[in-house]
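>>> give me a 3D structure for the following:
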Amino acid sequence: MSDNVFDIIVLGGGPGGYTAAVKAARAGMKTALIEADNLGGTCLNRGCIPTKALLASAHAYHEMKKAHEFGVECEKISFSLEKIMKRKDDIVSKLRDGIAHLIKANKITHIKGFGKITGEHSISVGETGNFTFKKLIIATGSKPLNLPLMPPNSPYMINSDQALNLSKLPKKLLVIGGGVIGVEMANFFAFLGVNVCIVELMPQLLPSEDASIARRLASIFKKYGISVKTGKKVSEIKEDRQAGCVIVKLEGENDPASFDMVLQAVGRSRNISDIGLEKASVKTDGKKIVVDQYFQTSNSDIFAIGDCASDIMLAHLASHQAVTAAYNASCASREQMHKLDAAVPSCVYTIPEVASCGMSADKAKKAGIETVSGKYMFNMLGRAMCMQANEGLVEIFADSATQKITGANILGPSATELICCVQSAMVSGLSAKEFCEKMIFAHPTLSEAMGEAFADIFGGAVHVAPPLH
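Numbers count the residues shown, from 1 in each chain. Predicted structure coming up:
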């Protein structure tokens with residue numbers, strides 16, 4: 001086989017792309033990975049990892065200021081934004097090197113440059129050359145949306161990518177968008193002493209989460225000094241370069257407000273333009289690449305995964321899709337291909353964390369499923385009290401007829417780690433009672449809240465008072 005001919009080429013080196021390349025190579029396919037930027041994609045370089053590194057630093061500073069609550073006295077507590085940013089960069093660099101090692105160890109050809117499809121089985125990469133593939137997996141990801149209200153190249157207006165590289169903190173920050181990116185960024189800046197206001201168009205923060213969880217998080221944010229305005233739309237933004245600020249007006253409010261900086265966190269758009277989809281007859285719905293249950297596009301030799309082809313934009317979903325797509329791309333026939341059928345966890349890394357998966361009561365009702373639920377509060381849990389992290393709750397939902405688990409919401413410490421317990425229950429197909437009988441949750445741990453919530457579904461929770469009659 002020629003050096004420029006491959007069994008499988010993967011376009012995009014993010015979590016979906018590099019995972020697909022590794023799996024394809026391990027299946028015996030001659031594989032190439034094309035990436036125009038750094039390996040790791042948005043998740044590693046401008047998303048999941050750097051934001052969590054920043055939040056960890058901000059959380060450490062926040063906890064040190066509360067040290068007296070643990071009987072520990074600290075004086076002259078301070079932070080260095082420069083060192084926080086350097087720590088973040090060092091973590092990203094180390095993980096990026098790890099991916100590069102994976103690519104090399106699996107004998108994957110790493111082609112650096114912008115890939116553009118030129119035919120049914122061909123792709124070009126700038127001056128590097130032209131390449132031929134038997135199968136192509138597109139994993140080009142997404143980028144931050146920019147509001148039309150924002151003047152281009154304004155020094156006072158940033159997106160989530162730019163927020164990761166600030167050299168100086170604003171005193172007063174407006175975050176437009178109360179979704180996952182918006183609330184995580186707001187939490188980071190607020191913990192470092194920035195006066196933060198979040199404006200969200202929808203009636204609640206985190207519009208994709210249950211309203212009860214969103215209300216509780218908004219209440220906690222207010223304790224942090226974060227102003228939360230939901231159901232509001234930004235109608236006008238003006239720069240005042242002389243005063244060094246931005247003047248913002250909201251619909252329905254007479255008085256404008258001034259901010260040192262505006263962070264727009266209003267979602268993401270998919271990277272599907274200018275990659276030559278039309279040259280290979282790959283169809284889109286105007287927003288994303290259209291794929292079937294096997295991740296095949298309208299061209300049966302081309303697959304697409306991750307943000308560029310999904311309604312849900314999550315790195316862990318892209319990675320899971322990559323495993324399935326790489327397997328399917330190496331199959332000799334469609335009959336051998338696999339489908340992906342799994343509950344996708346949603347995780348928000350605020351303090352406290354938010355996590356959910358499956359169907360809550362409202363979603364289940366729309367699907368025609370009547371549910372029952374079990375609930376347990378972290379303020380009743382010994383381990384959470386010892387950690388001084390006792391805000392929030394676990395609520396688990398089950399089919400009222402079978403008591404099989406349909407989903408859960410968690411707001412509290414380590415929620416993003418605990419949610420996998422619910423996924424295990426859903427995959428097992430066991431009823432809430434059967435699951436409790438087979439699981440022993442260690443004491444004292446945060447996971448005990450999960451056990452009590454499962455047991456509360458059928459009235460078996462020990463630490464939940466029985467209803468009054």
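>>> C-alpha only now, for contacts and for neighbours.
Noted.
>>> for the protein, what helix or strand is lowest in average pLDDT?
Least confident helix or strand, the chain: helix 361-366 with a mean of 84, by mean pLDDT, DSSP states H and E.
>>> partners of the helix or strand following that helix in the sheet?
Heading C-terminal from helix 361-366, the first helix or strand you meet, by DSSP states H and E, is strand 371-377. Partners of strand 371-377 in the sheet, by DSSP bridges, are strand 393-399 (antiparallel).
>>> avg pLDDT for the helix or strand just after the strand it pairs with?
On the C-terminal side of strand 393-399, the nearest following helix or strand under DSSP H and E is strand 405-412. Mean pLDDT, strand 405-412: 96.
>>> for strand 405-412, list the C-alpha coordinates in PDB.
This file holds the C-alpha atoms of strand 405-412, laid out as PDB (Å, rounded to 0.1, in the frame of the first residue of the first chain):
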ATOM      1  CA  ILE A 405     -33.900   2.900  37.400                       C
ATOM      2  CA  THR A 406     -34.700   5.500  34.700                       C
ATOM      3  CA  GLY A 407     -32.300   8.300  35.800                       C
ATOM      4  CA  ALA A 408     -31.000  10.600  38.500                       C
ATOM      5  CA  ASN A 409     -30.000  14.100  39.400                       C
ATOM      6  CA  ILE A 410     -27.200  14.900  41.800                       C
ATOM      7  CA  LEU A 411     -26.100  18.300  43.300                       C
ATOM      8  CA  GLY A 412     -23.300  18.000  45.700                       C
END
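>>> given it, what are its sheet partners and their directions?
Under the rule (DSSP bridges), strand 405-412 has strand 353-358 (antiparallel), strand 393-399 (antiparallel) as partners.
>>> how far does the shortest one sit from the chain's center?
Right, the one you point to is strand 353-358. Offset of strand 353-358 from its chain centre (C-alpha atoms, centre = their mean, to the nearest Å): 11 Å.
>>> contacting residues around that strand?
209, 213, 343-348, 406-416, 419, 422-423 (C-alpha atoms under 8 Å, 6 or more residues apart in numbering).
>>> pull the longest helix from the chain.
Assignment by DSSP state H gives helix 81-105 as the longest helix of the chain.
>>> buried residues, it. List them.
With burial defined by 16 or more other C-alpha atoms under 10 Å, the residues of helix 81-105 counted as buried are 81, 84-85, 87-89, 92, 95-96, 99-100, 102-103.
>>> how far does that helix sit from its chain's centre?
For helix 81-105, the distance to the chain centre is 19 Å (C-alpha atoms, centre = their mean).
>>> ok, and the closest non-adjacent residue to Glu239?
Val246 (4.6 Å; C-alpha to C-alpha, 6 or more residues apart in numbering).
>>> now for Glu437: which residues touch it?
Per C-alpha under 8 Å, 6+ apart, neighbours of Glu437: none.
>>> what are the phi and psi values at it?
Here is the backbone geometry of Glu437 (degrees, to the nearest 10): phi -70, psi -30.
>>> for it, give its distance to His463.
17 Å (C-alpha to C-alpha, to the nearest Å).
>>> poorly predicted segments of the stretch 151-300 of the chain, please.
The model of the stretch 151-300 of the chain has no residue with pLDDT under 70.
>>> show me the helices in this protein, by range?
15-26, 41-46, 48-65, 81-105, 160-163, 180-191, 211-223, 315-329, 361-366, 382-386, 415-428, 432-438, 448-457.
>>> returning to what we had before: redo the strands paired with strand 405-412 as JSON lines? Include mean neighbour count, distance to Ile220 and mean pLDDT.
What follows is those, written out as JSON lines (neighbours: other C-alpha atoms under 10 Å; distance: least, C-alpha to C-alpha, whole Å; pLDDT from 0 to 100):
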{"stretch": "strand 353-358", "mean neighbour count": "24", "distance to Ile220": "11", "mean pLDDT": "97"}
{"stretch": "strand 393-399", "mean neighbour count": "26", "distance to Ile220": "13", "mean pLDDT": "96"}
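>>> want to throw those strands into a markdown table with distance to Met29?
Shown next, in a markdown table, are the strands paired with strand 405-412 (distance: least, C-alpha to C-alpha, whole Å):
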| stretch | distance to Met29 |
| --- | --- |
| strand 353-358 | 34 |
| strand 393-399 | 43 |
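>>> what's the least confident helix or strand of the chain packed up against?
Applying 3 or more C-alpha pairs under 8 Å, 6 or more residues apart in numbering; DSSP states H and E, we find helix 361-366 packed against strand 371-377.
>>> what sits up against the strand it packs on?
361, 364-365, 391-401, 403, 449-450, 452-458, 464.
>>> list the buried ones in it?
371-377.
>>> from Phe259, how far out is the nearest residue to Ser319 once chain neighbours are set aside?
Using C-alpha to C-alpha, 6+ apart and skipping residues adjacent in sequence, the residue nearest Ser319 is Gly16, 4.4 Å away. The span separating Gly16 from Phe259 equals 38 Å under the rule C-alpha to C-alpha.
>>> which of these two has more residues huddled nearby?
Taking neighbours as other C-alpha atoms under 10 Å, Gly16 and Phe259 compare with Gly16 leading, 33 against 20.
>>> isn't the more buried one right up against Ala139?
Yes: if you go by C-alpha atoms under 8 Å, Gly16 and Ala139 touch, sitting 6.2 Å apart.
>>> residues in contact with Ile108?
21-22, 25, 30-33.
>>> please report how far Phe188 lies from Ala25.
39 Å.
>>> hmm, Gly451 is touching Glu434, no?
No: in this structure, Gly451 is not within contact of Glu434 by C-alpha under 8 Å, at 11.8 Å.
>>> more neighbours, these two?
Between Gly451 and Glu434, counting by other C-alpha under 10 Å, Gly451 is the more crowded of the two (25 against 16).
>>> list the contacts for that one?
Contacts of Gly451 by C-alpha under 8 Å, 6+ apart are 436, 439-441.
>>> same question, Gly182
With C-alpha under 8 Å, 6+ apart, Gly182 has these contacts: 175-176, 198, 264-266.
>>> what's the domain layout of the protein?
Per automatic domain parsing, the structural domains of the chain span 5-143+270-336, 157-266, 352-457.
>>> and Val92, how far from Lys52?
To Lys52, Val92 is 11 Å away according to C-alpha to C-alpha.
>>> likewise Phe131?
Relative to Lys52, and taking C-alpha to C-alpha, Phe131 is found at 37 Å.
>>> the more surrounded of those two?
The neighbour comparison of Phe131 against Lys52 (other C-alpha under 10 Å) goes to Phe131, with 20 against 17.
>>> with that, I have no additional questions.
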